[in-house]
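A.B. asks: quick one: sequence plus predicted model below, questions after.
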Amino acid sequence: MKIGMVIVNYNDFNNTEKLLDNIRNYKSLTEIVIVDNASSDDSLKKLKNLPKISFAKLTILEAKENKGYSAGLNIGAKYLVNKYHKINIIFSNTDIVIPREEVIKELNTTITSQNVVIAPVIEEGDSLNRGWKIPTPFQEVLFNIPYFHKSFHKKIEYPEIHYHKPYSVVDAVSGCFFMVSSAHLEKINYFDEKVFLYYEENILAVKTKREDKNTLVANNIRVIHNHSKTIDKSIKKLQKYKLQKRSQYYFEKHYNKANIFARILLKLTYYIGYIFYSIYYRL
């Protein structure tokens, strides 16, 4: 199966160029698509000036306006589907390091009609991101409690024994680097563009489970994620918090069957968290 790669760039040419240098000689990639998500700096100009000989398989697409990360992913995915019809697509953040081409090849061979989403283990500093369980609405409420939220997040982690085999079925995988079958993307109508940023992974996970398909983690292969560099430098911390909680509420209401009581608690804990972080970030 052909392999395409979609990278969404927003004001992050330097990291995007590093990733392109990383993968420029990866022959397994049929085409690399950079979607510039209406960058406010000179990223698009620099991308268009990349040497054609060095990046022969590269296509630059320009979003006329920034409608969010999911919308940017869809621009790249639909371009590849329209061109190749059947293709496995890697979606990658700009701040990813792929240590060897075999990562891509192995992911590609694992995609089947049943196993439609797959990701490697993601190295993020000293931690490993290997997927998670979809939280219940009331677990999401607990995630909104300042200071204690990290301990509550441990409840949606799988036990270590879950990963003691070549591949593990999980609910959701990190959105920073993963592969999806184009047939599955078409079936679920691509990514939901009503979330601007965050919760794309959980929405994809729920859509995949509704089709009775599998999401896998390949436990023997890894990529490196220089976590949050691109987001943190482009979005102020309180704005980032608001975007995250807005996406959380949308996911709970439309995908996770949160009842009215849970949604009230989500809004209440959102405001408590907002007040807390407003004070914390000013200290």
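C.D. replies: Everything's here; your move. Being a predicted model, the structure only gives us computed values, none of them experimental.

A.B. asks: now residue 122, what's its secondary structure?
C.D. replies: strand (DSSP: H, G, I helix; E, B strand; the rest coil).

A.B. asks: partners of it in the sheet?
C.D. replies: For residue 122, the beta-bridge partners under DSSP bridges are residue 129, residue 223.

A.B. asks: isn't it right next to residue 177, touching?
C.D. replies: Yes - between residue 122 and residue 177 there is a contact at 6.4 Å, judged by CB atoms under 8 Å. Backbone N, C-alpha and C define where each C-beta goes, glycine included.

A.B. asks: and for the two, which residues touch both?
C.D. replies: Residues touching both residue 122 and residue 177 (CB atoms under 8 Å, 6 or more residues apart in numbering) are 223, 225.

A.B. asks: contacts for stretch 41-51?
C.D. replies: For stretch 41-51, contacts defined as CB under 8 Å, 6+ apart pick out 9-13, 16-17, 20, 34, 36, 58, 60, 62.

A.B. asks: next, the residue lying closest to residue 15 once chain neighbours are set aside: secondary structure please.
C.D. replies: Nearest residue to residue 15, sequence neighbours excluded (CB to CB, 6 or more residues apart in numbering): residue 94, at 4.0 Å. Look at residue 94: counting by three-state DSSP, its state is coil.

A.B. asks: give me the residue at the spatial middle of this protein.
C.D. replies: residue 175 (1.8 Å; CA atoms, centre = their mean).

A.B. asks: what residues are up against that residue?
C.D. replies: Contacts of residue 175 by CB under 8 Å, 6+ apart are 91, 93, 200, 201, 204.

A.B. asks: on the three-state scheme, it is what?
C.D. replies: coil.

A.B. asks: about what we covered before: report pLDDT for the residue nearest to residue 15.
C.D. replies: As predicted, residue 94 sits at a pLDDT of 96.

A.B. asks: ok, it to residue 6 distance?
C.D. replies: 11 Å (CB to CB, to the nearest Å).

A.B. asks: got the contact list for the helix or strand encompassing residue 108?
C.D. replies: Here residue 108, judged by DSSP states H and E, is contained in helix 102-110. With contacts defined as CB under 8 Å, 6+ apart, helix 102-110 is touched by 1, 3, 26, 28-29, 88, 90, 98, 118-120, 167, 179, 216, 218, 221-223.

A.B. asks: buried subset of the residues you listed as a PyMOL selection?
C.D. replies: Here is the PyMOL selection string for the buried members of the contacts of helix 102-110, based on 16 or more other CB atoms under 10 Å:
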select buried, resi 3+26+29+88+90+98+118+119+120+179+216+218+221+222+223
